[in-house]
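Asks: Just need the structure, nothing else, for what follows:
(2 chains)
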Amino acid sequence: MEVYEVFRQEKEGEAMVHVGSVDAPDAELAVQYAREVYSRRSEATRLWVVPRAAVMELDDADFLRPPIERTYRMGEGYRVTIAKRRQLQAREAGHGA
Amino acid sequence: MTDDQRIEEFKQRIRDGHRVEAGDWMPDEYRFRVSRFIEMHANSEIMGALPERDWILRAPSLHRKLAVTAKIQDEVGHAQLLYRLVEDLGKPREQILADLIDGKSKFHNVFHYPTRSWGDVGIIAWLVDAAAVISQAALQRSSYGPYARVMRRICWEEAFHLKHGEDIVLTAVGGTPRQKALIQEALERWWEPLMMFYGPPTPAEQDKDLAWGIKSRPNEDLRQEFLGKYVKRIREIGLEIPDPALRFDEASGRWEYSPIDWEKLAQIGRGHGPASQQRLGFRRLSYEETGWVRQAVAGSVAELVA
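Replies: Residues are numbered from 1 along each chain as shown, chains lettered A, B, ... in the order given. Modelled structure (predicted):
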């Protein structure tokens, strides 16, 4: 028996979401079990049935979220634009007076 | 880091609301408790399919027959989801099923009773499932991530069971006096098991499953919520709850009820309920009778390997 992980898409265009696993002796039965367990009420527009052995799990925080300053990659890192814009607005207003 | 420090750190992570995943390190006690808890839940799903199975052939209409069959299929499906989690925690499925039929592991008290009439089917599907949804909704916040996720799916399906049960009850109560009496009798049979459903009012600080975050709410809290939601709904359709002491105490904001015989519940849990042995006997028979299916499945592996 082998464990297969099951991913489901509930609506066309949506992401494949992990919903659980099945235990099956071969790929053919894994597909049948996945349909029976995870789309009994026609919840799926698509299923991915993947041998667990093929999944590489990464959860090492040092690898995934290294403590490196990365605000320059984010929109939030540019909040300073609000202050800069105000300064410029004030300056322009000063010129007009 | 010593083991004690590691365990303390783990407990703190749980208190901080972090979720544990199957591949994470976990203390032996946590693994043991979460595995046992889910195993009992899974056993209950599969044993819960049995009392209802008796009613597929006796359901009063084709629609009810289809709905009861779908509910049973859901219960077995829930057992499938949950047994997968127990397997991932380290206990093989063959062992889980063997322990169940050997009476070594437990299943929920409500499945140790016979179903005497179609009224029982309605009361079980409405109120037993309603009680289950309250505890399962709380389990969506379990510290064990895979369990919390499965619980979301299970609650979604139980919502249909509950509505179907309520429909059976309302239909019968709105029918002839004999039909209404059938539901009243069933309610009288099932009230005690329902009051026992969440177990004794163990103080939160003594409940280890609560301390590890496997459960998220104390037993008595769940019972109070059940009473708060359902006593009115039961009474307003003209049914009588067989407990003269049942009342809402405005001062304490809590429901009061007649004392419950917790020793009786413990005995039922150990397999001494009115239908415990009959049900286990049936499960055993069914396991033996379906042996050829397991052999055929295992055979397909042998053929692939050959």
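Asks: residue contacts, the closest residue to residue B:258 other than its chain neighbours?
Replies: Using CB to CB, 6 or more residues apart in numbering or on different chains and skipping the chain neighbours, the partner closest in space to residue B:258 is residue B:245 (4.3 Å). The C-beta positions use only the backbone N, C-alpha and C, and glycine is treated the same way. Contacts here follow CB atoms under 8 Å, 6 or more residues apart in numbering or on different chains; on that basis residue B:245 touches B:256-258.
Asks: Narrow those to those in strands?
Replies: When DSSP state E defines the strands, the subset of these inside them is residue B:256.
Asks: Got a quick ChimeraX command for the buried subset of the contacts of residue B:245?
Replies: Of the contacts of residue B:245, the buried ones can be selected in ChimeraX as follows, counting by 16 or more other CB atoms under 10 Å in any protein chain shown:
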select /B:257
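Asks: For the stretch 151-300 of chain B, what lies in contact range of chain A?
Replies: Within the stretch 151-300 of chain B, the positions lying close to chain A (CB under 8 Å from any CB of the partner chain) are B:153, B:157, B:297-298, B:300.
Asks: which of those are buried?
Replies: B:153, B:157.
Asks: Please report phi then psi for residue B:86.
Replies: The phi/psi pair for residue B:86 (degrees, to the nearest 10) reads phi -70, psi -40.
Asks: Name the nearest residue to it, ignoring sequence neighbours.
Replies: Nearest one to residue B:86, counting by CB to CB, 6+ apart, is residue B:39 at 4.9 Å.
Asks: Just give the number of residues close to the closest residue to chain B within chain A.
Replies: For chain A, the residue positioned closest to chain B under CB to the nearest CB is residue A:25, at a distance of 4.3 Å. Applying the criterion other CB atoms under 10 Å in any protein chain shown, we find 19 residues in the vicinity of residue A:25.
Asks: so it touches residue B:297, yeah?
Replies: Yes: here residue A:25 reaches residue B:297: they are 5.2 Å apart, a contact under CB atoms under 8 Å.
Asks: The helix or strand hosting residue B:210: what's the following helix or strand?
Replies: For residue B:210, the element it lies in under DSSP states H and E is helix B:208-211. Next along the chain after helix B:208-211, taking DSSP H and E as the criterion, comes helix B:219-235.
Asks: Remind me what that following helix packs against, helices and strands.
Replies: Of the remaining helices and strands, those touching helix B:219-235 by 3 or more CB pairs under 8 Å, 6 or more residues apart in numbering or on different chains; DSSP states H and E are helix B:129-139, helix B:177-196, strand B:247-249, strand B:254-256.
Asks: Tell me where chain A has strands.
Replies: Chain-ordered strands for chain A, with DSSP E as the definition, fall at A:2-9, A:17-24, A:46-51.
Asks: export those to CSV and tack on mean neighbour count and mean pLDDT?
Replies: As requested, the strands of chain A are exported to CSV (neighbours: other CB atoms under 10 Å in any protein chain shown; pLDDT from 0 to 100):
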stretch, mean neighbour count, mean pLDDT
strand A:2-9, 19, 96
strand A:17-24, 19, 95
strand A:46-51, 16, 98
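Asks: got a markdown table for the ones you listed, with distance to residue B:282 too?
Replies: Converted to a markdown table, those look like this (distance: least, CB to CB, whole Å):
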| stretch | distance to residue B:282 |
| --- | --- |
| strand A:2-9 | 29 |
| strand A:17-24 | 24 |
| strand A:46-51 | 33 |
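Asks: closest one to residue B:49 among those?
Replies: Comparison of those against residue B:49 by CB to CB identifies strand A:17-24 as nearest, at 18.8 Å.
Asks: Contacts for the closest one next, please.
Replies: Contacts to strand A:17-24, defined as CB under 8 Å, 6+ apart, come from residues A:1-10, A:30, A:33-34, A:37-38, A:49, A:52, B:80-81, B:84, B:87-88, B:93, B:149-150, B:153.
Asks: picking up where we left off before, any idea which of the strands of chain A gets closest to residue B:201?
Replies: The nearest among the strands of chain A, by CB to CB, is strand A:17-24 at 33.7 Å.
Asks: Packing partners of the lengthiest helix in chain A?
Replies: The helix of greatest length in chain A, counted in residues with DSSP state H as the criterion, is given as helix A:80-96. With contacts defined as 3+ CB pairs under 8 Å, 6+ apart, there are no secondary structure elements packing on helix A:80-96.
Asks: What is the neighbour count of residue B:1?
Replies: 8.
Asks: related to what we said a few turns ago, now flag whichever of the contacts of residue B:245 is closest to residue B:207.
Replies: Relative to residue B:207, and with distances defined as CB to CB, the nearest of the contacts of residue B:245 is residue B:257, at 20.4 Å.
Asks: so what's the backbone phi/psi at the closest one?
Replies: The phi and psi torsions at residue B:257 (degrees, to the nearest 10) take the values phi -150, psi 170.
Asks: what about residue 71, how many neighbours?
Replies: With no chain named, the answer covers chain A. Neighbouring residues of residue A:71 were enumerated by other CB under 10 Å; the total is 10.
Asks: if you could check chain B rather than the one you did, that'd help
Replies: Using other CB under 10 Å, residue B:71 is surrounded by 24 other residues.
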